[in-house]
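S.K.: compute the structure for the input listed below.
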Amino acid sequence: MIELKSAGEIAAMREAGRVVAAVHAATREQAGVGVTLKHLDEVARTVIEEAGAGASFFGYHPSFGATPYPGVICTSVNGVMLHGLPTPYRLRDGDLISIDCAAFVDGWHADGTVSFTVGTPRDEDLKLIQVAEETLAAGIEAARPGNKLGDIGHAMATVGRGADYGMQNDFGGHGIGRAMHESPFVPNVAPRGRGLRLRPGLVIAIEPSLMAGGRDDYYMADDGWSVCSGDGSRSVHVEHTVAITEDGPVVLTCP
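M.R.: Modelled structure (predicted):
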């Protein structure tokens, strides 16, 4: 069932979105060469707890996950596109990392992801991040009343695939609210004018992921969680929680 949110409920989700943004800021500040992914998870846990919020990911166990999720953030490095575990891996100069976080306040969830480089950046990584952010922005711009879900996926694919990057479509965006994952599924790639008509009160997470090698295939790593680019190429993931309103899309996961 698809649940439309009231203005008050969207405001409550905005509070959760501020916590997510605070986690992104804190982990980005801490993510230096030699810092472990586990430490970044501890930083995120502290931010969430001090905000009086809860960690949506911790203990989450979807059908594709090998075990309940052990951390509060996903830390995906280089060829890991999604759901990378916060392990003792120490970040190296030039690493490309995505930090995915979801938090809840008073039972209302928000979900967002940022990607950035550690230490000395590679030009090709900076371009990949820039195009991913442009892809997300195009999807958000299409999230307007009267449009269809397919318009979001079409807008994102036009930018991402237009830059010759790979885009998988099995792990995409989703409705969000009282639960972290609600209906509808929000595809990264879709035909224009197809799917659910967008209405004010719908809140969705829009989250494209791009693979530098240009292929769309991926595989699940042995840890049972990490989704990796099929050819080992560098990958990025970006995401915002977005409310569809009469006045257009409103991003809830910004500072």
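
S.K.: residue ranges for the strands of the stretch 51-200 of the chain, please.
M.R.: With DSSP state E, counting those that start in this stretch applied, the stretch 51-200 of the chain shows strands at 54-55, 73-77, 80-82, 96-105, 108-117, 173-175, 182-186, listed in chain order.

S.K.: by contact count, what packs against the third one?
M.R.: Contact here means 3 or more Cβ pairs under 8 Å, 6 or more residues apart in numbering; DSSP states H and E; on that basis strand 80-82 packs against strand 96-105, strand 209-211, strand 227-229, strand 235-237. Using the backbone N, CA and C atoms, a C-beta is placed for each residue, glycine as well.

S.K.: can you list contacts of the third one?
M.R.: Meaning strand 227-229. The contact list for strand 227-229, computed with Cβ atoms under 8 Å, 6 or more residues apart in numbering, reads 79-83, 166, 168, 171, 211-213, 215, 217-221, 235.

S.K.: that strand pairs with which strands?
M.R.: strand 80-82 (antiparallel), strand 218-220 (antiparallel) (DSSP bridges).

S.K.: name the stretch among these that sits most buried.
M.R.: strand 80-82 (a mean of 24; mean count of other Cβ atoms under 10 Å).

S.K.: pull the contacting residues for residue 233.
M.R.: 79, 166, 211, 212, 213, 214, 215.

S.K.: now the two most distant members of those residues.
M.R.: Distance extremes for the contacts of residue 233: the farthest pair is 79 and 214 at 13.9 Å, using Cβ to Cβ.

S.K.: which parts of the stretch 1-150 of the chain are helices?
M.R.: With DSSP state H, counting those that start in this stretch, the ranges of helices along the stretch 1-150 of the chain come out as 7-30, 37-50, 123-141, 149-160.

S.K.: against which helices or strands is the first one packed?
M.R.: If you count contacts as 3+ Cβ pairs under 8 Å, 6+ apart, helix 7-30 packs onto helix 37-50, strand 96-105, strand 108-117, strand 240-245.

S.K.: what lies in contact with the longest one?
M.R.: It refers to helix 37-50. Contacts for helix 37-50 (Cβ under 8 Å, 6+ apart): 19, 22-23, 26-27, 30-31, 54-55, 71-73, 75, 77, 84-89, 91, 99, 101, 103.

S.K.: how about a cut-off of 6 Å?
M.R.: 22-23, 26-27, 30, 55, 71-73, 75, 86-89, 103 (Cβ atoms under 6 Å, 6 or more residues apart in numbering).

S.K.: got the CA coordinates for that helix in PDB?
M.R.: C-alpha atoms of helix 37-50 as PDB (Å, rounded to 0.1, in the frame of the first residue of the first chain):
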ATOM      1  CA  LEU A  37      35.400   2.000   8.000                       C
ATOM      2  CA  LYS A  38      34.500   0.700  11.400                       C
ATOM      3  CA  HIS A  39      35.600   4.000  12.900                       C
ATOM      4  CA  LEU A  40      33.300   5.900  10.500                       C
ATOM      5  CA  ASP A  41      30.400   3.600  11.700                       C
ATOM      6  CA  GLU A  42      31.200   4.500  15.300                       C
ATOM      7  CA  VAL A  43      31.200   8.200  14.400                       C
ATOM      8  CA  ALA A  44      27.800   7.800  12.700                       C
ATOM      9  CA  ARG A  45      26.400   5.900  15.700                       C
ATOM     10  CA  THR A  46      27.500   8.700  18.000                       C
ATOM     11  CA  VAL A  47      25.800  11.400  15.900                       C
ATOM     12  CA  ILE A  48      22.600   9.400  15.700                       C
ATOM     13  CA  GLU A  49      22.500   8.600  19.500                       C
ATOM     14  CA  GLU A  50      23.300  12.200  20.500                       C
END
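
S.K.: brilliant, that's me finished.
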